[in-house]
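A.B. asks: Requesting a structural model of the entry that follows:
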Amino acid sequence: MNGSAAFRFACILLLWVALCYLLLTRTARIDGMTIFTIVASGIIVFVPLYKKYVRNRD
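C.D. replies: As a prediction, this is how the structure comes out:
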């Protein structure tokens with residue numbers, strides 16, 4: 001992963017963390033659906049990035 005790809009990955013990671021923080025602080029209670037939403041969004045965001053930048057290093 002070169003420098004620009006690492007920068008893009010870090011920006012997306014920080015944005016995802018900020019959105020998860022907002023979700024956790026603004027919700028009335030943390031239940032299973034909230035945790036599922038965070039986990040599902042992490043999978044949707046980071047699996048394609050992993051496949052693109054980490055796995056295909058050929």
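
A.B. asks: Only C-alpha atoms from now on, for both contacts and neighbour counts.
C.D. replies: OK.

A.B. asks: where in the protein is pLDDT low?
C.D. replies: The chain contains residues with pLDDT under 70 at 1, 56-58.

A.B. asks: and with 80 instead?
C.D. replies: Low-confidence segments of the chain, defined by pLDDT under 80: 1-2, 53-58.

A.B. asks: element containing Ala5?
C.D. replies: Under the criterion DSSP states H and E, the helix or strand holding Ala5 is helix 3-26.

A.B. asks: Which strands or helices does that helix pack on?
C.D. replies: For helix 3-26, the elements it packs on are helix 32-49, judged by 3 or more Cα pairs under 8 Å, 6 or more residues apart in numbering; DSSP states H and E.

A.B. asks: CA atoms only for the helix it packs on, dumped as PDB, please.
C.D. replies: Provided in PDB are the C-alpha atoms of helix 32-49 (Å, rounded to 0.1, in the frame of the first residue of the first chain):
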ATOM      1  CA  GLY A  32     -28.300  -5.400  19.900                       C
ATOM      2  CA  MET A  33     -29.500  -3.500  16.900                       C
ATOM      3  CA  THR A  34     -27.100  -0.600  17.500                       C
ATOM      4  CA  ILE A  35     -24.200  -3.100  17.800                       C
ATOM      5  CA  PHE A  36     -25.300  -4.900  14.700                       C
ATOM      6  CA  THR A  37     -25.400  -1.600  12.800                       C
ATOM      7  CA  ILE A  38     -21.900  -0.800  13.800                       C
ATOM      8  CA  VAL A  39     -20.600  -4.300  12.900                       C
ATOM      9  CA  ALA A  40     -22.400  -4.400   9.600                       C
ATOM     10  CA  SER A  41     -21.200  -1.000   8.600                       C
ATOM     11  CA  GLY A  42     -17.700  -2.000   9.400                       C
ATOM     12  CA  ILE A  43     -17.900  -5.100   7.200                       C
ATOM     13  CA  ILE A  44     -19.500  -3.100   4.400                       C
ATOM     14  CA  VAL A  45     -16.800  -0.400   4.600                       C
ATOM     15  CA  PHE A  46     -13.600  -2.300   5.300                       C
ATOM     16  CA  VAL A  47     -13.900  -5.700   3.500                       C
ATOM     17  CA  PRO A  48     -13.800  -4.100   0.000                       C
ATOM     18  CA  LEU A  49     -10.900  -1.800   1.100                       C
END
